[in-house]
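In: Provided below are the primary sequence and the corresponding predicted coordinates.
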Amino acid sequence: MKIEQIYTGCLAQGAYYIESNGEAAIVDPLRETRPYIEKADKRGAKIKYIFETHFHADFVSGHLDLANKTGATIIYGPGAKTNYDIHEAQDGEVFALGNVKIKVLHTPGHTPESSTYLLIDEEGKEHAIFSGDTLFIGDVGRPDLAVKSDLSQEDLAGLLYDSLREKVMTLPDEVIVYPAHGAGSACGKNMSKETTDLLGNQKKTNYALRADMSKDEFIKEVTTGILPPPQYFAKNAMMNKTGVVSMDDVLEKGSVALEVDTFEAMANHEGALVLDTRHQSDFVKGFIPNSIFIGIDGSFAPWVGALITDLHQPIVFLAPEGREEEVVTRLSRVGYDNTLGYLKGGIEAWKAAGKEVDTVNSISAETLAAKVQAGPVDILDVRKPTEFEAEQAEGAESLPLDFINDNMDKVDQHKDYQVHCAGGYRSVIFASILKSRGFDNVTNVEGGYAAMKKAGIPVTNFVCPSGK
């Protein structure tokens, strides 16, 4: 028996490869199928099953392409209804995979169809669970992401309480927990950086598995402090339910090298968004006017999903040389399939053609510290609310990047903003969006809050306006 976790840091997502006696199963695959197929081929195994723990909201799954290429059966838990062929499993149903068995445990709560898959080894021992978003390391799945459910988040939280205590916590302590996500995912609020653990340890350390916790306490705990989900979550969940075009077609359409004039025409006359995926230090020095920066080396796909509100938006892009296909792939993971190509030769080709280039003003934290000493400065903090509440520069205003599209009315066009995040990635995204919308008085603080604090800029803890 072989179990391999295939973890994707950008999405904080874990897919799984399970193999026994020449037969393989994939749990919660990403959109690109090549890694799974190559792994099975290399080991001389045939992919027999594709297990989906639920309708994922934070990424588009690769189950359809994988099934079409391998003949594997797609399995969802009870209550899952799709626009394509699946095997809708029953609670307790067992699937043979080589010399092991995989048992379906219906564990509604994160979503109504959510299921946990229990792996029973060659000796008949309960070995591991693939818990999806039912149970994370240190947390449980948020109960507010169901696709068109008539259940409230409180209803789903109550179901999750029952699922955990009746189906999961009754399993032996030595069972290994393999969740769908780790720290950084928006599918929970308190996830550990660890991506696997023993169930017995989770029973001791996971706040949601406390033996003395009542259902009412559980519901209050898991529904308190949940930030609104990114706008693309509901759209991705629906795509996973209804089906998507082949990833191969998306890659073919999006991996086209465009000459400068063609690229410019797509942006100016065909409504394509210009997405610049280079490093932020390169972007601020020179970029195509009105382009948006989201760097490929940060949490690229989640920020695309949070900030670009139309999944059908035509996109043309700039990328670090040799990483063009990676950009298209990572866009498609969150449902952005209308990529039309990239700028051949990058920004240098644009400059060589005599085209206009814009820049973002940047200052060091030390320079900002001197400005703060000299008098009042408009500092805009674009970190998450929890980061701001923990500590912030004195007098700074909070406007999280996550919610920029809903809060543009709070940005004063007449102020000269000094914009910062934690380290410099999010602030450049924010600055690029403001620049594209006609806000020119924006300066990026290099190194972000960490550098500001080191430079001696006065900081303070958040004080709740209510006094509580």
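Out: Perfect, thanks for sending it.
In: Now residue 64: closest residue in space, sequence neighbours ignored.
Out: Sequence neighbours aside, residue 243 is the residue nearest to residue 64 in space, at 5.8 Å (criterion: C-beta to C-beta, 6 or more residues apart in numbering). Quick note: C-beta positions are derived from backbone N, CA and C, even for glycine.
In: what about the one you found, how many neighbours?
Out: Residues within reach of residue 243, counting by other C-beta atoms under 10 Å, total 11.
In: residue ranges with poor pLDDT in the protein?
Out: Low-confidence segments of the chain, defined by pLDDT under 70, are located at 147-149, 462-468.
In: So what does the residue located most distally from the centre of it look like in phi/psi?
Out: The outermost residue of the chain, judged by C-alpha distance from the chain's mean C-alpha position using C-alpha atoms, centre = their mean, is residue 374 at 41.1 Å. According to degrees, to the nearest 10, the main-chain angles of residue 374 amount to phi -80, psi -20.
In: got a list of what it touches?
Out: With contacts defined as C-beta atoms under 8 Å, 6 or more residues apart in numbering, residue 374 is in contact with no residue.
In: doesn't residue 316 fall inside a helix?
Out: No. Assessed by DSSP: H, G, I helix; E, B strand; the rest coil, residue 316 does not belong to a helix; its assignment is strand.
In: Not counting its neighbours along the chain, what's nearest it?
Out: Distances taken as C-beta to C-beta, 6+ apart place residue 272 nearest to residue 316, at 4.7 Å, with adjacent residues excluded.
In: Equivalent analysis for residue 65, please.
Out: With sequence-adjacent residues excluded and distances taken as C-beta to C-beta, 6+ apart, residue 65 is closest to residue 33, at 4.9 Å.
In: Helices of the stretch 301-450 of the chain, start to end?
Out: Ranges of helices in the stretch 301-450 of the chain, per DSSP state H, counting those that start in this stretch, are 324-332, 346-352, 365-374, 385-390, 425-436, 448-454.
In: Would you mind giving the domain segments of this protein?
Out: Using automatic domain parsing, the domain parsing of the chain gives 2-235, 245-352, 361-460.
In: for the last one, how far is the first residue from the last?
Out: Using C-alpha to C-alpha, to the nearest Å, the gap from the first to the last residue of domain 361-460 comes to 26 Å.
In: Next: stretch 332-341.
Out: The first and final residues of stretch 332-341 sit 13 Å from each other (C-alpha to C-alpha).
In: same deal with stretch 328-344?
Out: Counting by C-alpha to C-alpha: the opening and closing residues of stretch 328-344 are 15 Å apart.
In: Then stretch 265-283?
Out: Using C-alpha to C-alpha, one end of stretch 265-283 lies 21 Å from the other.
In: again, but for stretch 135-154
Out: Distance between the two ends of stretch 135-154: 17 Å, counting by C-alpha to C-alpha.
In: go on, stretch 277-294?
Out: End-to-end distance of stretch 277-294 (C-alpha to C-alpha): 5 Å.
In: got the phi/psi numbers for residue 273?
Out: Dihedral angles of residue 273 (phi, psi; degrees, to the nearest 10) stand at phi -80, psi 130.
In: That one: what's it in contact with?
Out: For residue 273, the contacting residues are 267, 292, 308, 313-316, taking C-beta under 8 Å, 6+ apart as the criterion.
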